[in-house]
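# heads up, no residue letters with this:
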């Protein structure tokens with residue numbers, strides 16, 4: 001069976017893959033996959049979202065491969081200007097886990113008028129993450 005591969009990808013630099021994996025795979029329960037890399041190649045994580053995959057790579061590995069980027073990384077903190085949106089299940093459990101881990105919640109869990117439970121938080125690298133869960137059997141479109 002051929003492995004499914006997204007047509008497009010977005011690479012995101014992070015401080016530590018293990019921490020990123022614990023957040024996205026452990027707390028958010030997203031389908032995080034560890035890379036199968038050749039010896040000496042940088043490790044990475046992937047979340048396959050169908051047409052697009054998020055690829056998480058440690059910043060040190062990116063700088064090692066592309067030294068010209070080191071200055072840019074020092075000028076701009078990770079996460080500035082980028083927001084990741086995910087539909088999740090058990091958003092209350094996720095909220096509790098975020099609080100237990102001391103991760104910052106920007107906007108607390110709220111039920112929107114169109115039937116979606118929504119919460120905004122930051123991942124361990126400062127990327128803004130918006131989480132939503134359909135409530136009361138309503139879709140995002142309010143159907």
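Yep, it's here. Computed from a predicted model, the values in this text were never measured in an experiment.

# which residue sits closest to residue 128, ignoring its sequence neighbours?
Leaving out its chain neighbours, the residue that sits closest to residue 128 by Cβ to Cβ, 6 or more residues apart in numbering is residue 83, at 4.5 Å. All C-beta spots, glycine's among them, are computed from the backbone N, C-alpha and C.

# Quick check, central residue of this structure?
Residue closest to the mean C-alpha point of the chain, counted by Cα atoms, centre = their mean, is residue 24 at 5.5 Å.

# Residue 107 and residue 128 touch, don't they?
No - the pair residue 107 / residue 128 is not scored as a contact, 10.2 Å apart, by Cβ atoms under 8 Å.

# one step back: list the contacts for the residue nearest to the centre of the chain?
By Cβ atoms under 8 Å, 6 or more residues apart in numbering, the contact set of residue 24 is 30, 32, 45, 47, 56, 123.

# May I ask you to name the longest helix in the chain?
What stands out as the longest helix in the chain, according to DSSP state H, is helix 91-101.
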